[in-house]
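**Student:** Build me a structure from this.
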Amino acid sequence: MTTPRYFPLVDVSGTPHARGVQHGRAVPERVARSIALYKSQLGKRGVDEATLRRLAQSMAQVIEAYDATYLEELRGIAEGAGATLEDVITINCRTEMMFGHADLQQSLEAPAKAPSSEDGDCTGLLVLPGRSDTGRLMHAHNWDWREECVDTGIVLRIRREEGPDILSFTEAGALARHGFNANGVSLTGNSLSSDEDFRKGAGVPLVLLRRRVLEAANLAQAMRAIWDSRRYCANNMILAQAGAGDGAGMSLETSPGEIFWVMPEDDLLVHTNHWLCPAARVKLRDPYMGERVDSLYRQHRVENALRRVSGPIGWDHVKAILADEFGKPDGVLRSPKPASFASISATVATTLIDAGNKTMWIARKPYEARNFQEYTL
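**Tutor:** From the prediction side, this is the model:
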């Protein structure tokens, strides 16, 4: 038997720059792995070092315009980890730079290439208190992405003076990914694609938008953060807020031009990687649906499994449902498989969020063993 390995917990507090320094100093080797991963991915897409630096510098302007304190935090991460600011920006803008580099290069008067799309396949779900055996809202997610991220992931606990504290599972060097805050607001994200993506110049990087959502005082403020954003590509975000024996949540399907919503039915909500809102399916074309057709049966199987539970739903039910290997390796739980640089390869982590109890459990490499580590805020 091997000893289970978990994602390290990183505690940060103070000013944005100080938080960044603490982050970088705590996990410099993981930050270095994140940098190496995305520089390699960009290189395989034909982006050389000089162009990468120029893209990162252009994104620095976008970040500063959105929130200058975020750029200060990234400077701190770079300082603490012994990296360059451009390298840390690459981690935080990896979706925009990896899949929108053609459009970004056009804005720099460089030759353009055909846009591509993120091929990350994830599964997220909500169980509202009326169906939960704890009487609290349940929020869970499988993050499917590059297998290498099992060694770049961290849990970031952020003590903030300017708003609610945050507990976020993220990539080392990045400001946020999934998680919750002290006010019970929780967030997970799933990739979507539309024919509007990466065509209108850089918008708010997804990492920073997710961080803004996790800073929200309540669910309405979290939703407004998304409505107020200038978006560069499609994405689905499951938002919720847990209260004392109560809660609410929804899925916001976003494209660069519009936002659509999907509400829970019978206190349950599931979202994989295709558009669910009927209006979105009429208005938008997904040019990459053929590459993620398994999203259809993943959605159906998780929904059916939740509905088949007689009585209240517990975390053991959720764990088993997110471990469904039907269609292996292309199941709800994804096993590593040969992958091109453009495709996903495995379920990096399964995350369970009980924001009402300020607790989160995460299993690293759940396709090998589902050993969950508890993290608290």
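
**Student:** Only C-alpha atoms from now on, for both contacts and neighbour counts.
**Tutor:** Fine.

**Student:** Output the below-cut-off pLDDT ranges for the chain.
**Tutor:** 1-2, 99-120, 339-344 (pLDDT under 70).

**Student:** is it true that Arg177 touches Leu156?
**Tutor:** No: between Arg177 and Leu156 there is no contact under Cα atoms under 8 Å: 9.8 Å.

**Student:** between those two, what contacts are shared?
**Tutor:** Ser168, Phe169, Thr170 (Cα atoms under 8 Å, 6 or more residues apart in numbering).

**Student:** Tell me which of Arg177 and Leu156 has more neighbours.
**Tutor:** Leu156 (27 against 23; other Cα atoms under 10 Å).

**Student:** So what pairs up with that one in the strands?
**Tutor:** Val10, Ser168 (DSSP bridges).

**Student:** Looks like it contacts Leu9 (just checking).
**Tutor:** Yes: look at Leu156 against Leu9 with Cα under 8 Å: they come within range, at 6.0 Å.

**Student:** Could I get the full set of helices for the stretch 101-250 of the chain?
**Tutor:** 101-107, 206-214, 219-227 (DSSP state H, counting those that start in this stretch).

**Student:** Of those helices, which is nearest Gly189?
**Tutor:** helix 206-214 (8.5 Å; Cα to Cα).

**Student:** Check the gap between Val346 and Ile238 for me.
**Tutor:** Careful, residue 346 is Ala; it's not Val. In this view, Ala346 and Ile238 are 21 Å apart by Cα to Cα, to the nearest Å.

**Student:** who's more crowded, the two?
**Tutor:** More crowded of Ala346 and Ile238, by other Cα under 10 Å: Ala346, with 31 against 27.

**Student:** Quick one: residues contacting that one.
**Tutor:** Asp144, Trp145, Arg146, Glu147, Leu333, Arg334, Ser335, Pro336, Lys337, Tyr367.

**Student:** now swap in Ala176 and tell me
**Tutor:** Leu156, Ser168, Phe169, Thr170, Val207, Leu208, Arg210, Arg211.

**Student:** from those residues, which single one is nearest Cys233?
**Tutor:** Nearest to Cys233 among these: Val207, at 12.4 Å, using Cα to Cα.

**Student:** right, and the closest one touches Thr90 too?
**Tutor:** No: between Val207 and Thr90 there is no contact under Cα under 8 Å: 11.0 Å.

**Student:** Just want to know which of the two has more residues nearby.
**Tutor:** For Val207 versus Thr90, the count of surrounding residues by other Cα under 10 Å is larger for Thr90: 27 against 21.

**Student:** Pull out the CA atoms of the one helix or strand that one maps to and give them to me as PDB.
**Tutor:** Under the criterion of DSSP states H and E, Thr90 resides in helix 85-92. Extracted C-alpha coordinates of helix 85-92, given in PDB (Å, rounded to 0.1, in the frame of the first residue of the first chain):
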ATOM      1  CA  LEU A  85       5.600  38.200 -14.100                       C
ATOM      2  CA  GLU A  86       5.000  37.100 -17.700                       C
ATOM      3  CA  ASP A  87       5.300  33.400 -16.600                       C
ATOM      4  CA  VAL A  88       2.800  33.800 -13.800                       C
ATOM      5  CA  ILE A  89       0.400  35.700 -16.100                       C
ATOM      6  CA  THR A  90       0.600  32.700 -18.500                       C
ATOM      7  CA  ILE A  91      -0.700  30.400 -15.800                       C
ATOM      8  CA  ASN A  92      -3.600  32.800 -15.000                       C
END
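
**Student:** Can you work out which other helices and strands pack against the next helix or strand after it?
**Tutor:** Going down the chain from helix 85-92, the next helix or strand is helix 94-99, by DSSP H and E. With contacts defined as 3 or more Cα pairs under 8 Å, 6 or more residues apart in numbering; DSSP states H and E, the packing partners of helix 94-99 are helix 28-44.

**Student:** Just the buried positions in the following helix or strand past the helix it packs on, please.
**Tutor:** Counting by DSSP H and E, the next helix or strand C-terminal to helix 28-44 is helix 49-66. For helix 49-66, the neighbour count (16 or more other Cα atoms under 10 Å) marks Thr51, Leu52, Arg53, Leu55, Ala56, Gln57, Ser58, Met59, Ala60, Val62, Ile63, Tyr66 as buried.

**Student:** Am I right that the third one is in contact with Thr84?
**Tutor:** No: because the distance of 10.0 Å does not satisfy Cα under 8 Å, Arg53 is recorded as not touching Thr84.

**Student:** Can you name the two of the buried residues of helix 49-66 that sit furthest apart?
**Tutor:** Thr51 and Tyr66 (22.8 Å).
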